[in-house]
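Asks: Generate a structure from the sequence data that follows.
(chains A and B)
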Protein chains: 2
Amino acid sequence: MEAIKVFCPATIANVSCGFDVLGLALDSVGDEMVVRKTTEKGIKITKLTGQDLPMETHQNVAGVAGLALLAESDYDGGFEIEIYKKIKAGSGIGSSAASAAGAVWAMNQLLGKPFSNLELVKFAMEGERLASGVAHADNVAPAIFGGFTLVRSYAPLDVVKINSPSELFATVIHPQIEIKTSDSRKILKTTISLEDGIKQWGNLGGLIAGLYTEDYGLIGRSLEDFIVEPIRSILIPGFDKVKSESLLAGALGCGISGSGPSIFALSQGEPNAKEVANAMREVYQKIGIDYDIHVSKINIEGIKIIK
Amino acid sequence: MEAIKVFCPATIANVSCGFDVLGLALDSVGDEMVVRKTTEKGIKITKLTGQDLPMETHQNVAGVAGLALLAESDYDGGFEIEIYKKIKAGSGIGSSAASAAGAVWAMNQLLGKPFSNLELVKFAMEGERLASGVAHADNVAPAIFGGFTLVRSYAPLDVVKINSPSELFATVIHPQIEIKTSDSRKILKTTISLEDGIKQWGNLGGLIAGLYTEDYGLIGRSLEDFIVEPIRSILIPGFDKVKSESLLAGALGCGISGSGPSIFALSQGEPNAKEVANAMREVYQKIGIDYDIHVSKINIEGIKIIK
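Replies: Residues are numbered from 1 along each chain as shown, chains lettered A, B, ... in the order given. Here you go, the predicted model:
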């Protein structure tokens, strides 16, 4: 196999109570990439459509992630990458992660899978380091593993794939405002109260238990974030209203996707997820902010080959 | 039914990464209680052996928990309680919780089970409030529900019973030194770093996932406490040595049971749990501190009727 075309899913990181550790992959929105083996060494971005992003290898997240893979590989050729961005940069649903993860996943396929998913996460994290200054894994891990993933630990890196209940659907609305990941990290406090910490890990435990037992009520009760949402939501106009309307429309829970500005909700069943989409849409229509909106089942495969 | 005799298990609270939320019930150590209906209203402690504890109803954890139940019940009689303490007070394996939980569980049986397990936890928490000044639930919940329990939230109270892998065994050593729960809470800091918080909820998520998937390796990797153990372990002579020797002997993980001074380890299989017991024993024999030691499977039933 000399070339491969892949779908690279958008992802929701944090998922309310799982700041910096939890993420999930979406199904209905993602980038496409073509990755091709070349006899020439190194990585070349030969095409990039859909977003205005740097094509120079060292300035591109797919390029940097690919170089991290090549550095650990005994393959003596290189790769060309075409990137068809469908996920908007800065939307908070893992745009950089999709490109970085998709590139290394496709390369691994072309090389006969010498690397484990965990190793691919490590390579893709280098793309995240370029994009946001922090080599976080909570978007690249679900893109590569699929479903819900828990980054249990960074040192050493330990990623756990968590069960995804089959009726769980995500609604994501992206208000067209820009928040830089680095800015939204900057406003976080470096200390938290022990009391809030206890509530947070109680909820994370509840969410993980709910995902395994497919207890939608427990999932809903656990989707609460005492640490980050109270601070970051201030940066997102209309957040409180979108959240309250989503819950009124029957969402199990609602929160900030990654570092925002996208807002996600989880629902039981696609019809409910669509009602939640309508409720969210109405809020931004009233405010007069443009938006994209997606309803998606949880993507349990992650990145996949497409024709 | 007019009288009932029950076994009230000892419990391990916190379980390393689950400070204030996680607990598990033991099988091989616990109190026994006889609870008897009386026409006279109120609660009377008629016998108390094994420990020097107050028998006056308002000063006794079983008495106080029982009164909390009576206050919510339309039963117009009362109860007599005989308490046969086998769990040492102040040992850190839920001595007060066993008495409080056992009393209300037995009363509920005698009344035809008008109350849910969750309601029984609330009543028993009043006993904990008397014992330690804090109405915590992380010992009474596993005593009543059995197995591993997660106290997801206190307001409202939400208890989740978590799967207990069948090969999981606990070893608990109780060095004969006294640490008051109130003292060991006092030395805790009221704030923690966000960085430590993230590690802690990553581990709690990993532990819950490991319990559901019966992945003993993941359980072991997740049994790490970045928040409380580094502070509280200073109060327990020999803690670091007991922990390192337990891990060398093959324990999956090792930490402080509740607020100490007992130290627990979890192992895969009873033979390993016994090897860990030998390793722990040797440390305190060398130091010259007396100890009790228990090896137990996880008690998935909780409190139960005995003959």
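Asks: Quickly list the domain ranges of chain A.
Replies: A:3-162+A:300-305, A:168-297 (automatic domain parsing).
Asks: The ones you listed into a markdown table, with extra columns for distance to chain B, mean neighbour count and mean pLDDT?
Replies: In this view, the C-beta of every residue, glycine as well, is placed from N, C-alpha and C. As requested, those are exported to a markdown table (distance: least, CB to the nearest CB, whole Å; neighbours: other CB atoms under 10 Å in any protein chain shown; pLDDT from 0 to 100):
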| stretch | distance to chain B | mean neighbour count | mean pLDDT |
| --- | --- | --- | --- |
| domain A:3-162+A:300-305 | 4 | 22 | 97 |
| domain A:168-297 | 4 | 20 | 95 |
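Asks: Helices of the stretch 201-307 of chain A, start to end?
Replies: A:216-222, A:229-232, A:239-248, A:270-287 (DSSP state H, counting those that start in this stretch).
Asks: which one of the domains of chain A lies closest to B:K189?
Replies: Of all those, it is domain A:168-297 that lies closest to B:K189, at 6.7 Å by CB to CB.
Asks: gap between that closest one and the chain center?
Replies: Mean C-alpha position of domain A:168-297 versus that of the full chain (CA atoms, centre = their mean, to the nearest Å) differs by 13 Å.
Asks: Ok, stretch A:36-46 next?
Replies: The answer for stretch A:36-46 is 27 Å, by CA atoms, centre = their mean.
Asks: Over to stretch A:127-142?
Replies: Distance, stretch centre to chain centre, for stretch A:127-142: 9 Å (CA atoms, centre = their mean).
Asks: Compute the first-to-last residue distance for it.
Replies: One end of stretch A:127-142 sits 15 Å from the other (CA to CA, to the nearest Å).
Asks: Name the single longest strand found in chain A.
Replies: With DSSP state E applied, the strand covering the greatest number of residues in chain A is identified as strand A:22-38.
Asks: distance between that strand and the chain's centre?
Replies: Taking the mean of its C-alpha atoms, strand A:22-38 sits 10 Å from the chain's own mean (CA atoms, centre = their mean).
Asks: Only the C-alpha atoms, please, for that strand, written as CSV.
Replies: C-alpha atoms of strand A:22-38 as CSV (Å, rounded to 0.1, in the frame of the first residue of the first chain):
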residue,chain,number,x,y,z
LEU,A,22,-11.2,12.5,29.4
GLY,A,23,-12.2,12.8,25.7
LEU,A,24,-14.5,11.3,23.1
ALA,A,25,-14.6,10.9,19.4
LEU,A,26,-17.3,12.2,17.1
ASP,A,27,-18.7,10.5,14.0
SER,A,28,-20.3,13.1,11.9
VAL,A,29,-17.6,15.7,11.7
GLY,A,30,-13.9,15.3,10.9
ASP,A,31,-11.0,16.0,8.6
GLU,A,32,-9.9,14.0,5.6
MET,A,33,-6.3,13.3,4.8
VAL,A,34,-4.4,11.5,2.0
VAL,A,35,-1.1,10.2,3.1
ARG,A,36,1.4,8.9,0.5
LYS,A,37,4.7,7.1,0.8
THR,A,38,7.6,8.9,-0.9
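Asks: Now the element after that strand, going C-ward?
Replies: Next helix or strand after strand A:22-38 toward the C-terminus (DSSP states H and E): strand A:42-49.
Asks: Other residues contacting that following strand?
Replies: For strand A:42-49, the external contacting residues (CB atoms under 8 Å, 6 or more residues apart in numbering or on different chains) are A:34, A:38, A:55-57, A:60, A:62-63, A:66-67, A:70, A:78-85, A:103.
Asks: Which residue ranges of the stretch 151-300 of chain A form strands?
Replies: Remark: strands assigned in the stretch 151-300 of chain A by DSSP state E, counting those that start in this stretch are A:157-162, A:168-175, A:191-193, A:253-256, A:263-268, A:291-297.
Asks: which other helices and strands contact the one helix or strand A:V121 maps to?
Replies: Per DSSP H and E: A:V121 is located in helix A:117-132. Under the contact criterion of 3 or more CB pairs under 8 Å, 6 or more residues apart in numbering or on different chains; DSSP states H and E, helix A:117-132 touches helix A:61-71, helix A:95-110, helix A:140-145, strand A:157-162, helix A:181-186.
Asks: For the closest residue to A:V295 other than its chain neighbours, list the residues it contacts.
Replies: Nearest in space to A:V295, with sequence neighbours left out and distances taken as CB to CB, 6 or more residues apart in numbering or on different chains, is A:A273 at 4.8 Å. A:A273 makes contacts with A:169-171, A:251, A:265, A:267, A:295, as judged by CB under 8 Å, 6+ apart.
Asks: Same question for A:L194.
Replies: A:L194 makes contact with B:188-192, B:227, according to CB under 8 Å, 6+ apart.
Asks: what's the answer for A:A89, then?
Replies: Counted by CB under 8 Å, 6+ apart, A:A89 has contacts A:51, A:53, A:95-96.
Asks: quick one: it is in a strand?
Replies: No. Read with DSSP: H, G, I helix; E, B strand; the rest coil, A:A89 is coil and lies in no strand.
Asks: which residues are contacting stretch A:285-296?
Replies: By CB under 8 Å, 6+ apart, stretch A:285-296 touches A:10, A:26-29, A:88, A:91, A:93, A:169-177, A:237-238, A:270, A:273-274, A:277, A:280-281, A:284.
Asks: so which of the contacts of A:L194 are also by chain A?
Replies: Among the contacts of A:L194, proximity to chain A is found for B:188-192, B:227 (CB under 8 Å from any CB of the partner chain).
Asks: re earlier: which two in the contacts of A:A273 are spaced the farthest apart?
Replies: Longest distance between any two of the contacts of A:A273 is 11.6 Å, between A:A251 and A:V295; criterion CB to CB.
Asks: shared neighbours, those two?
Replies: A:171, A:273.
Asks: Any idea how far apart the tips of stretch A:145-165 sit?
Replies: Note: stretch A:145-165 ends 16 Å apart using CA to CA.
Asks: sorry, that was for stretch A:54-70
Replies: Taking CA to CA as the measure, stretch A:54-70 stretches 20 Å from start to finish.
Asks: Contacts for that stretch next, please.
Replies: Stretch A:54-70 has contacts (CB under 8 Å, 6+ apart) with A:33, A:41-45, A:48, A:53, A:78-79, A:81, A:83, A:96, A:99-104, A:107-108, A:115, A:120, A:122-131.
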